[in-house]
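In: sequence and predicted structure are below.
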Amino acid sequence: MSNLKLAVPSKGRLQEQTFAWFSGRGITLERTGSGREYAGQVRGVSDVELILLSAGEIPRELAAGRIHMGVTGQDLVAEKIPAWEMQVEQIAEMGFGHADLILAVPSFWADVENIDDLDAAAAAFRKAHGMRLRIATKYHNIMREYLKREGVADYQLVDSQGATEGTIKNLTAEAVADITSTGDTLRANHLKILKGPPVLASQATLFASKLARWSVESIAARAEILNRIGASNG
Amino acid sequence: MQAKARAYLEGGRTGAGLAALRAEVGRLMAGFAANNATTVEPAALLSADILIDLYGEDLRARAYTTHDPVLGEQMLRPDFTVPVAQMHLESGAAQGRYAYAGSVWRRQEPGSARPVEYLQCGFEAFGDANTAEADAEVFAMIAEALRNAPVAPVTGDMGIILAGVSALETTPPRKAALMRHLWRPDRFTRLLERYAAPLSQNNTRTALLSALQAGTLEDYLASQGPAIGLRSISEIQKRAEILREDAETPPIPVGQVTLLERALAVKAPMKAAIKSLRNIAIEMPAITPAIDMIEARSEAISAFGIDGDQLPFEASYGRTSLEYYDGFVFGFSAEARTDLPQIAQGGRYGALTRALGRETPAVGGIIRPEALLALGGLQ
């Protein structure tokens, strides 16, 4: 098979929005078979094969070159592919699936408003408690890179794969770094977001793999997709 | 990666290539042994806790971590300094001189050509009575080992920045914050600029400080949200008091910042560098003892037959390394070979021994034998 493999999220709102986005650009993506079967097809562009994958797995498949193009969140690409720019190319931001990766601390920490305060609080915390201030997150790579860039010391990352906002109350972390779209969950858990730009502003994005094998057909299909969506072929 | 390739050396894992490398390591170790070093072989697998406490969370991006259900988180040795210092401190001896040779492992940035495993051959001396002489001895020992290699030295001294920060007209918390970020130059510069500028306050901070002033801090905090987590109200109160003090602290005079920046920018052969620093010290006398130390070290190095006056000196050298250097720092590099790392480096690290629980004078250096052989400067 020398088709272009295009991976999109396998279910949910992200899939609906992805289908709608392509449809608005003259490319019809649709599921085939029963509603539960993870199979699909593409109409409007030839030589494109639709793959339905969990959004979390699409970055890995792009980096491995097993798919040519894929729709997933920028946060997932940044977290799961070290130095992602070398392995995947960002083709188009799609304007939905917006989510910010932010750092949050308890609202009653009136002395901590920005990243500089967090650094100072971390130094004092380490002195008082004999351990480094814990930040619960599942975005280890992005956060380590960000905190290094910001020159924050005396922290440690603790892994939290879910219900991250609860870790502070449960005494397993002092701060959290997580994706938020509205901030409601944070407020409900008595947390506030540090001031300043988010650690990462993410949205659903069409990526292309730099490492996939690009056949004549897949190169042509890619050019056609780019043409339809109005992106330049880089 | 090819099975026979190793850091900077092709074919260094078998036959003549391996024999040459072994001979080179043997030569270096014999040199250290001739200087009364005891050979040590620290474990390759180290407790991650201690290393991360020393170097910070950043280390995770630079060292390989593994888990053991009983031992907990372990790291593949990213350097020898920490385990050798631990061996010495645990021995209880006042003095000790050690030599070692073995692999260290470093994670590298994706796409980086730098090796993830390479050899280090090094020497560490603890408990010296004369700082300048001990610094000079280690430097001369490494220089001697590299005698026939086309490498150029560079030296520096963290003492200048340490003394310069201590001398700033500002509060102890501000000095402590600057000291904490000596090894993060960008952050250090940002802090210094902030402390030299008039403080601009935002409304919420004003509210916090007024509540502190009025003795209603607890009510104010309660109005912000419930006290959740390990960090307590009293810790917030303490920091609020520091913030109040900070708000009342006059900016560091711009002249002092300029002076410190001038001192940190000094880069010249040792004798000329000392002269420049002495000129700066007229207005910043606090750095005089540090300059005296540089001068004494330069003389001590000359006593080993190396022209100390002409050694390159850079006041900011050593501020971006992984190490905990807090005095003399030095390196040797092959300028023509940008594909190779520094061939050797070293320095003084009393702060590391303090962090390990028993402060003791400590100075040492390492040579990268594979890079040295790849340089082809030795017959």
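Out: It's in.
In: now do the buried residues in the strand or helix carrying B:Glu24.
Out: Following DSSP states H and E, one finds B:Glu24 within helix B:15-34. Residues of helix B:15-34 classed as buried: B:Gly17, B:Ala20, B:Leu21, B:Glu24, B:Val25, B:Leu28, B:Met29, B:Gly31, B:Phe32 (neighbour count, 16 or more other Cβ atoms under 10 Å in any protein chain shown). The C-beta positions use only the backbone N, C-alpha and C, and glycine is treated the same way.
In: once you drop chain neighbours, what's closest to B:Gly255?
Out: Beyond its immediate neighbours in the sequence, the residue positioned closest to B:Gly255 (Cβ to Cβ, 6 or more residues apart in numbering or on different chains) is B:Glu283, lying 7.8 Å away.
In: tell me which residues are up against the helix holding B:Glu24.
Out: Under the criterion Cβ atoms under 8 Å, 6 or more residues apart in numbering or on different chains, residues B:9-12, B:39, B:99, B:101, B:119, B:121, B:123, B:141, B:144-145, B:367, B:369-370, B:372-373, B:378 lie in contact with helix B:15-34.
In: so for it, mean pLDDT?
Out: Helix B:15-34 shows a mean pLDDT of 95.
In: now do whichever helix or strand comes after it: which elements does it pack against?
Out: Helices and strands here follow DSSP H and E; after helix B:15-34, the next one along the chain is strand B:38-39. Contacts defined by 3 or more Cβ pairs under 8 Å, 6 or more residues apart in numbering or on different chains; DSSP states H and E place strand B:38-39 against strand B:96-105.
In: who touches the strand it packs on?
Out: Residues from elsewhere that reach strand B:96-105 (Cβ under 8 Å, 6+ apart): B:25, B:28-29, B:32-33, B:35-42, B:44, B:63-64, B:76-80, B:84, B:87-88, B:116-127, B:369.
In: only C-alpha atoms, please: export it in PDB.
Out: C-alpha atoms of strand B:96-105 as PDB (Å, rounded to 0.1, in the frame of the first residue of the first chain):
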ATOM      1  CA  GLY B  96      42.100  12.100  51.100                       C
ATOM      2  CA  ARG B  97      43.300  11.900  47.500                       C
ATOM      3  CA  TYR B  98      41.500   9.600  45.000                       C
ATOM      4  CA  ALA B  99      41.800   8.600  41.400                       C
ATOM      5  CA  TYR B 100      39.200   6.800  39.300                       C
ATOM      6  CA  ALA B 101      38.400   5.700  35.800                       C
ATOM      7  CA  GLY B 102      35.100   4.400  34.400                       C
ATOM      8  CA  SER B 103      32.000   5.200  32.500                       C
ATOM      9  CA  VAL B 104      29.500   7.900  33.100                       C
ATOM     10  CA  TRP B 105      26.100   8.100  31.400                       C
END
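In: run the angle between that strand and helix B:15-34 for me.
Out: 150 degrees (axes from the mean of the first three to the mean of the last three Cα atoms, to 10 degrees).
In: number of residues surrounding residue 220?
Out: I'll assume chain A. Look at A:Ala220: counted by other Cβ atoms under 10 Å in any protein chain shown, it has 15 neighbours.
In: look at chain B instead
Out: 17.
In: repeat that for B:Gly159.
Out: Using other Cβ under 10 Å, B:Gly159 is surrounded by 23 other residues.
In: what's the neighbour count on the nearest residue to it once chain neighbours are set aside?
Out: Distances taken as Cβ to Cβ, 6+ apart put B:Ala290 closest to B:Gly159, at 3.7 Å, once the chain neighbours are dropped. B:Ala290 has 23 neighbours, counted by other Cβ under 10 Å.
In: again with B:Ala211
Out: Applying other Cβ under 10 Å, we find 18 residues neighbouring B:Ala211.
In: mind listing what it touches?
Out: A:Ala110, B:Leu217, B:Asp219, B:Tyr220, B:Leu221.
In: looking at the residues you listed, state which has the most neighbours.
Out: That'd be A:Ala110 among those, by other Cβ under 10 Å, with 26 neighbours.
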